[in-house]
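Trainee: what follows is a predicted structure for the sequence shown.
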Amino acid sequence: MSEAAIEGKQKEGIGEFVQKTRAELDKTTFPSSEDVKNTTIIVILNVFFFAAYLFLIDQGWVYVIQGLTWVINQIAGV
């Protein structure tokens, strides 16, 4: 910022900054350990579910591509 933009503002000291920071941290709430445990379990279950789902979709596409390759090879006489 330029000097002209800062002229109207007074610089605050480190002590005031720390006080304001602590005041803001007092306003925050943190999840309980039970909430963290529950959401962690949900995330892990979702990872396993989507891994299995994507594995099955991938295997399905492999089957389709191998079938198309077989058909094309039969048509081409290879």
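Mentor: Happy to help now that I have it. All values reported here derive from a predicted model rather than from experimental measurement. Numbering: from 1, shown residues only.

Trainee: element containing residue 66, please.
Mentor: helix 33-76 (DSSP states H and E).

Trainee: what mean pLDDT does that helix get?
Mentor: Taken as a whole, helix 33-76 has an average pLDDT of 97.

Trainee: pull the residues that contact stretch 33-44.
Mentor: Stretch 33-44 has contacts (CB atoms under 8 Å, 6 or more residues apart in numbering) with residue 31. In short, each C-beta sits where N, CA and C put it, glycine included.

Trainee: same check, this time on stretch 56-70
Mentor: By CB under 8 Å, 6+ apart, stretch 56-70 touches no other residue.

Trainee: could you export it as CSV, CA atoms only?
Mentor: What follows is stretch 56-70, C-alpha atoms only, in CSV (Å, rounded to 0.1, in the frame of the first residue of the first chain):
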residue,chain,number,x,y,z
LEU,A,56,-16.0,-52.4,-10.1
ILE,A,57,-16.6,-49.7,-12.7
ASP,A,58,-13.0,-50.1,-14.0
GLN,A,59,-13.4,-53.8,-14.2
GLY,A,60,-16.6,-53.4,-16.1
TRP,A,61,-14.9,-51.1,-18.6
VAL,A,62,-12.0,-53.6,-19.0
TYR,A,63,-14.6,-56.3,-19.8
VAL,A,64,-16.3,-54.1,-22.4
ILE,A,65,-13.0,-53.0,-24.1
GLN,A,66,-11.8,-56.6,-24.2
GLY,A,67,-15.1,-57.6,-25.8
LEU,A,68,-14.9,-54.8,-28.4
THR,A,69,-11.2,-55.8,-29.1
TRP,A,70,-12.3,-59.4,-29.6
